[in-house]
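A.B. asks: here's a sequence, model it:
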Amino acid sequence: MDVVYERCAGIDISKADVKVCIRVPGAGRRRRGEVRTFTSMTSGLLAMRDWLLAEGVTVVGMEATGIYWKPVFYLLEHDMECWLLNARHMKAVPGRKTDVKDSEWIAKLVEHGLVRASFVPPEPIRQLRDLTRYRTEVIRERTREAQRLEKLLEDAGIKLSCVVSDILGVSGRAMLEALITGERDPRVLADLAKRRLRLKIPDLIEALTGRFGDHHAFLARAMLDRIDAATAMEVRLSARIGTALEPMRRSVDLLTTIPGVSTRAAEVILAEIGADMARFASAEHLASWAGVCPGNHESAGRQPTGRTRHGDPWLKAALGQSAMAAARTKNTYLAARYRRLVARRGKRRAVVALEHSLLIAVWHMLTHGVPHQDLGGDYFLERTGKTRATRRLISQLNQLGYQVSLQPTGTS
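C.D. replies: Purely as a prediction, here's the structure:
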């Protein structure tokens, strides 16, 4: 088998140490391999780097093992080409698995060019990604805490969520604070309602009649404090993210021209894929990497499933939210595409199709630096022709038992 990389190395990473196998030219036409073990402490990783540089290694491959690959990758990326490899792409012969053999196997795969490197963004994008992902986790934790609070109120017989759409809104928060401070009269509590909610005071009196006690007050106070802390942290993180995105402000503005894509969704998209689309050969490559296109699982001429791959869950979450928002817009191509697909393919497939369309648009917009150009809500009607659409609608009405007589608009 041809040697693609003359001087390369494979690294098997664990929490405590790393096994490193180098593959370099040996005597004559033979290849020389050597395996060494280093600790995963910084001193050990520095010794590993010095050894690799002394051997003239130019390409290093390592398996994506949890988060333990990060110190190794970040230490070596400035001195040589580093490949982060998907474990699914390099299964060795079963029954012969050791850490040393894994490093040798990785080195041989890299040596002959049999594996592809995963996408690892540059350091500024990695830092932005850390911020956006942590903000997402903070928001999710705040949501979970709000759900715990609602369950606590149900336990106390307080049915506030049956009347108030948001128990943490201005009126709901005022009632909760009054309950915690010791107020138990449902009429007094209901009188704290603001604006249009005051029309529901009789319902509020019924909902606020329960057995809320000191135990519930203590837990509610703790939960509200955690919700407030999460909100404050979200504000801090959003400010930090805004600062980090200043060099890419133009890209954020471009992405927000897509129907359904909010500023926060645009921030997440840029944090996951970056602003430089040169890493992805085409829009289709980006969609495949993200896991928003049908999978390819053909066997014996049959394709039993087109299930999408896992992809990037953080990116897919942002695209999913944007897709649902785009589906609710009026007179847009994305909304028309969703309605066209949901009737015959179902909601889940229609949402994934919109995610695919969004990401294809993102690639072209960031590549060419142009805003989104919507095709309009009547795109599919104009493409298929009005005559065809008319025949289809008349056929549906006939199946329902109606006889239709058409008359152009504007005539008597």
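
A.B. asks: please make it C-alpha for all contacts and neighbour counts, starting now.
C.D. replies: Fine.

A.B. asks: quick one: name whatever helix or strand follows the helix or strand encompassing Val35.
C.D. replies: Using DSSP states H and E, Val35 falls within strand 31-39. Reading on from strand 31-39 to the C-terminus, the next helix or strand found by DSSP H and E is helix 42-54.

A.B. asks: any idea of the angle the following helix or strand past that next one forms with helix 42-54?
C.D. replies: Moving toward the C-terminus from helix 42-54, the first helix or strand encountered (DSSP H and E) is strand 59-63. Counting by axes from the mean of the first three to the mean of the last three CA atoms, to 10 degrees, strand 59-63 lies at 140 degrees to helix 42-54.

A.B. asks: just give me the longest helix of the protein.
C.D. replies: In the chain, assigned by DSSP state H, the helix with the most residues is helix 123-155.

A.B. asks: surely Val110 and Cys8 touch.
C.D. replies: Yes: checked against CA atoms under 8 Å, the pair Val110 and Cys8 is within contact range at 7.0 Å.

A.B. asks: which neighbours do these two share?
C.D. replies: Counting by CA atoms under 8 Å, 6 or more residues apart in numbering, the common neighbours of Val110 and Cys8 are Val59, Val60, Gly61.

A.B. asks: select only the buried ones of these in PyMOL?
C.D. replies: The following PyMOL line selects those of those that are buried, judged by 16 or more other CA atoms under 10 Å:
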select buried, resi 59+60+61
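
A.B. asks: quick check: the gap between the residue nearest to His356 when sequence neighbours are not counted and Val351.
C.D. replies: Nearest-residue entry for His356: Val292, 5.4 Å, with adjacent residues in sequence omitted and distances by CA to CA, 6 or more residues apart in numbering. Applying CA to CA, to the nearest Å, one obtains 10 Å for the distance of Val292 from Val351.

A.B. asks: same check, this time on Val24
C.D. replies: Here the distance between Val24 and Val351 works out to 49 Å (CA to CA).

A.B. asks: which of those two has more neighbours?
C.D. replies: Each of Val24 and Val351 had its neighbours counted (other CA atoms under 10 Å), and the higher figure belongs to Val351 (24 against 19).

A.B. asks: which residues are in contact with the residue nearest to the more buried one when sequence neighbours are not counted?
C.D. replies: Sequence neighbours aside, Ala323 is the residue nearest to Val351 in space, at 6.1 Å (criterion: CA to CA, 6+ apart). In this structure, Ala323 makes contact with Gly260, Val351, Leu354, Glu355, Leu358, judged by CA under 8 Å, 6+ apart.

A.B. asks: most surrounded residue in the residues you listed?
C.D. replies: When neighbours are counted by other CA under 10 Å, Glu355 leads these with 29 neighbours.

A.B. asks: my guess is it contacts Leu319. True?
C.D. replies: Yes: between Glu355 and Leu319 a contact is recorded at 5.4 Å, counting by CA under 8 Å.

A.B. asks: where in the stretch 301-412 of the chain is pLDDT low?
C.D. replies: 301, 303-306, 410-412 (pLDDT under 70).

A.B. asks: quick check: phi and psi on the most centrally placed residue in the chain?
C.D. replies: Centre of the chain computed as the mean C-alpha position; nearest residue by CA atoms, centre = their mean is Trp314, 1.8 Å away. As for Trp314, its main-chain torsions (degrees, to the nearest 10) stand at phi -70, psi -40.

A.B. asks: that one and Asp225, how far apart?
C.D. replies: With the distance defined as CA to CA, Trp314 ends up 27 Å from Asp225.

A.B. asks: if we can go back for a sec, need the residues touching each of Glu355 and Leu319.
C.D. replies: Both Glu355 and Leu319 lack any common contact, where contact means CA under 8 Å, 6+ apart.

A.B. asks: quick revisit: so which helix or strand takes in the residue nearest to Val351?
C.D. replies: Per DSSP H and E: Ala323 is located in helix 313-327.

A.B. asks: could you check the angle helix 123-155 makes with that helix?
C.D. replies: Orientation of helix 313-327 against helix 123-155 (the same axes, to 10 degrees) gives an angle of 70 degrees.

A.B. asks: buried ones in helix 313-327?
C.D. replies: 314-316, 318-327.

A.B. asks: nearest to Asn398 among those?
C.D. replies: Checking those against Asn398 by CA to CA gives Ala327 as the nearest, at 29.4 Å.

A.B. asks: grab the nearest non-local neighbour of that closest one.
C.D. replies: By the measure of CA to CA, 6+ apart, the closest residue to Ala327 outside its immediate chain neighbours is Ala335, 4.2 Å from it.

A.B. asks: where does pLDDT dip in the stretch 51-200 of the chain?
C.D. replies: Judged against pLDDT under 70, the low-scoring parts of the stretch 51-200 of the chain cover residues 92-95.
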